[in-house]
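> can't give you the sequence, but here's the structure:
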């Protein structure tokens, strides 16, 4: 079935689910056609809440505010993120937890940026963490 999906639909699936994970599996398990995948994708996208971050990613409640700050710093260097989180309790623990759980990734930066690495947040976690309820 995935071969019959339009590239835009696949891009949207990756954006909404954050990649090939349990959310993505639920999306495909509930659909038998590309039309049903699109419908399920819309429903899933509309149903996401901050509480889902806690249950789907196992984020401790005391880390939520720090992760919300990190979401705003997406694409910055690890040094910059940690320095801006300096006033928040357990900032380095939050970053390590995020890296371990796949909420955050460290990737090579653009060679022209002058930095070796940047921190990026999983797209679904970023969406859920930045929701204003």
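Ah, there it is. Please read all numbers here as calculations on a predicted model, not as lab measurements. Residues are numbered from 1 along each chain as shown.
> So which bits of stretch 66-78 are buried?
For stretch 66-78, the neighbour count (16 or more other Cβ atoms under 10 Å) marks 66-67, 69-71, 73-74, 76-78 as buried. In short, each C-beta sits where N, CA and C put it, glycine included.
> and which of these is nearest residue 15?
Proximity of those to residue 15 was ranked by Cβ to Cβ; the top entry is residue 74 with 13.8 Å.
> Just give me the neighbour total for residue 43.
Other residues near residue 43 come to 11 when the count uses other Cβ atoms under 10 Å.
> Can you tell me how far it is from residue 72?
As judged by Cβ to Cβ, to the nearest Å, residue 43 and residue 72 stand 28 Å apart.
> confidence score at the spatially closest residue to residue 91 that is not a sequence neighbour?
Spatial nearest neighbour of residue 91, chain neighbours left out: residue 85 (3.5 Å); criterion: Cβ to Cβ, 6 or more residues apart in numbering. We have a pLDDT of 81 for residue 85.
> List the contacts of residue 85.
Contacts were defined as Cβ atoms under 8 Å, 6 or more residues apart in numbering; by that measure residue 85 touches 66, 69-70, 91, 94-95.
> Please report how far it lies from residue 42.
According to Cβ to Cβ, residue 85 and residue 42 sit 35 Å apart.
> Do me a favour and get the backbone dihedrals for the residue nearest to residue 91.
Main-chain torsions, residue 85, degrees, to the nearest 10: phi -90, psi 0.
> Identify all contacting residues around stretch 91-102.
By Cβ under 8 Å, 6+ apart, the surrounding residues in contact with stretch 91-102 are 21, 57-60, 63, 66-67, 70, 78, 81-82, 85, 88, 103-106, 119, 121-122.
> buried subset of those residues?
For the contacts of stretch 91-102, burial is judged from neighbour counts taken by 16+ other Cβ under 10 Å, and it is met by 57, 59, 63, 66-67, 70, 78, 81-82, 85, 103-104, 106, 119, 121-122.
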